[in-house]
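**Q** okay, predicted coordinates and the sequence, questions at the end:
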Amino acid sequence: MDNKNKTRVTEFILLGFQNERGVEFFLFVVFLLMYMTSLIGNTMIILLVCVDYHLHSPMYFFVANLSFIEVTITSTVMPKMLANTFSPTKAISFMGCLMQSIFYFLFGSTEFFILAVMSFDRYVAICNPLRYTIIMNRQTCVLLLLASYVGAFLSMLGPSVLTAPLIFCGPNKINHFFCDRAPVLKLACADISRAELADFIASAVLLLGSLLLTGVSYTYIVITILRIPSVQGRQKAFSTCVSHITVVTLYYGSAIFLYVRPKKGNAVDINKCATVLNTIVTPMLNPFIYSLRNEKVKESLRDTFNKYIGALTNFRSQK
């Protein structure tokens, strides 16, 4: 039958985790707490970098933008996921699903570029410390940030062009908790081999390409650190990279497992768990990784808190 004569899908059903009601409520509480922690923690880092001039440096400029990306990624997925826990239909409109997928992959792709840029920033700081302020000036930082967004958009362009003409006219149940591209493509009433191939190539180039840039930067960083004569100097230099390495390991590990490995068999539940790590857990841990291991951020947080308490005390005493 001609696809034009079939009824077009107007909404999709997000099946989520498909557990018993009690388990779903438990997951709702857990995910809500994780979402709120991620939202508050990342927003706190953004505000600290904005208000404290001690944090007005390229490193913290990119940290704040990374936190912004984390907020947008989780906010693209989590509100609808949480709302569907108590929804009898668990439905999302066709346009809502399309927009969710576009924004998720746009900001997710941007994060990979920002992580690569942050590794370049650490390379310049450690390998060329005397020229750091010249190389990583404000204009360079802004251009690198804009390049990250442009690169993310271009990486999505090919798969999006091949996906846009597809017709959805049959099943509308997505075995996921958000509109991930792979399970959505499987519902199309057309040949999706070209779209899947373009998606795989774009993901491989994006992930492995940005990871290669990060790897090259850290190869030079390690070589430079090993040449530092004092143990204390080596530890101090390496400590500035630990937070970034931790985030890179978490984010790239789960993303490569999801989007670059060959698809063999039915591993939907495993993919869901990996997506939870990529979409919820890593953004939640980001503020703790960058604040608890960073003395300057902790000092800024203490100073800001003390100023707030002092201002509040003065306001109450004047009343």
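**A** Perfect, I can see it now.
**Q** tally of neighbours for the closest residue to residue 115 other than its chain neighbours?
**A** Closest residue to residue 115 apart from its sequence neighbours, by Cβ to Cβ, 6 or more residues apart in numbering: residue 248 at 5.6 Å. Where you see a C-beta, it was placed from the backbone N, CA and C, and this is true even at glycine. Residue 248: 21 surrounding residues under other Cβ atoms under 10 Å.
**Q** same thing with residue 242?
**A** Neighbour tally, residue 242, other Cβ under 10 Å: 12.
**Q** quick one: secondary structure of it?
**A** Assigned with DSSP: H, G, I helix; E, B strand; the rest coil, residue 242 falls in the helix class.
**Q** all strands of the stretch 201-319 of the chain, in order?
**A** Assigned by DSSP state E, counting those that start in this stretch, the stretch 201-319 of the chain shows no strands.
**Q** remind me which residues of it are low pLDDT?
**A** In the predicted model, the stretch 201-319 of the chain carries pLDDT under 70 at residues 258-269, 292-293, 308-319.
**Q** make it 80
**A** Along the stretch 201-319 of the chain, segments meeting pLDDT under 80 span 233, 236-237, 239-240, 243, 253-274, 290-319.
**Q** could I get the full set of helices for it?
**A** All helices of the stretch 201-319 of the chain, identified by DSSP state H, counting those that start in this stretch, fall at 231-259, 268-276, 282-292, 295-318.
**Q** looking at those helices, which is closest to residue 144?
**A** Minimum separation from residue 144 across the helices of the stretch 201-319 of the chain (Cβ to Cβ) falls at helix 231-259, 14.9 Å.
**Q** helices or strands up against the closest one?
**A** Secondary-structure packing of helix 231-259 (3 or more Cβ pairs under 8 Å, 6 or more residues apart in numbering; DSSP states H and E): helix 94-127, helix 193-226, helix 268-276, helix 282-292.
**Q** before we move on, back to that, tell me the most buried of the helices of the stretch 201-319 of the chain?
**A** helix 282-292 (a mean of 21; mean count of other Cβ atoms under 10 Å).
**Q** look up the closest residue to residue 156, ignoring the ones flanking it.
**A** residue 105 is the one closest to residue 156 (Cβ to Cβ, 6+ apart), at 5.6 Å.
**Q** minimum distance to residue 145: which of the helices and strands packed on helix 231-259 has it?
**A** Short answer: helix 94-127, nearest of the helices and strands packed on helix 231-259 by Cβ to Cβ, at 7.4 Å.
**Q** and after that closest one, which helix or strand comes next?
**A** Next in sequence after helix 94-127, counting helices and strands by DSSP states H and E, comes helix 132-135.
**Q** give me the mean pLDDT for the next helix or strand after that next one.
**A** Next along the chain after helix 132-135, taking DSSP H and E as the criterion, comes helix 138-163. Helix 138-163 carries an average pLDDT of 89.
**Q** can you pull the buried residues of helix 138-163?
**A** Buried residues in helix 138-163, defined by neighbour count with 16 or more other Cβ atoms under 10 Å: 141, 144-145, 148-149, 151-152, 155-156, 158-160, 162-163.
**Q** for it, which helices and strands make contact with it?
**A** Checking 3+ Cβ pairs under 8 Å, 6+ apart, helix 138-163 ends up next to helix 58-85, helix 94-127, helix 181-185, helix 193-226.
**Q** can I assume residue 18 sits in a strand?
**A** No: secondary structure assignment (three-state DSSP) places residue 18 in coil, not in a strand.
**Q** from what I see, residue 102 and residue 157 are in contact.
**A** No: with contacts counted by Cβ atoms under 8 Å, residue 102 stays clear of residue 157, the gap being 11.3 Å.
**Q** shared neighbours of those two, anything?
**A** When Cβ atoms under 8 Å, 6 or more residues apart in numbering defines a contact, no residue borders residue 102 and residue 157 alike.
**Q** roughly how far out does stretch 273-283 sit from the chain middle?
**A** Chain-centre distance of stretch 273-283: 9 Å, with Cα atoms, centre = their mean, to the nearest Å.
**Q** over to stretch 42-57?
**A** 19 Å.
**Q** now do the buried residues in it.
**A** For stretch 42-57, burial by neighbour count (16+ other Cβ under 10 Å) applies to 42, 44-46, 48-49, 52, 55, 57.
**Q** adding distance to residue 200, write the residues you listed out as JSON lines.
**A** Shown next, in JSON lines, are the buried residues of stretch 42-57 (distance: Cβ to Cβ, whole Å):
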{"residue": "42", "distance to residue 200": "30"}
{"residue": "44", "distance to residue 200": "37"}
{"residue": "45", "distance to residue 200": "34"}
{"residue": "46", "distance to residue 200": "34"}
{"residue": "48", "distance to residue 200": "39"}
{"residue": "49", "distance to residue 200": "36"}
{"residue": "52", "distance to residue 200": "43"}
{"residue": "55", "distance to residue 200": "39"}
{"residue": "57", "distance to residue 200": "38"}
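**Q** nothing else from me, thank you.
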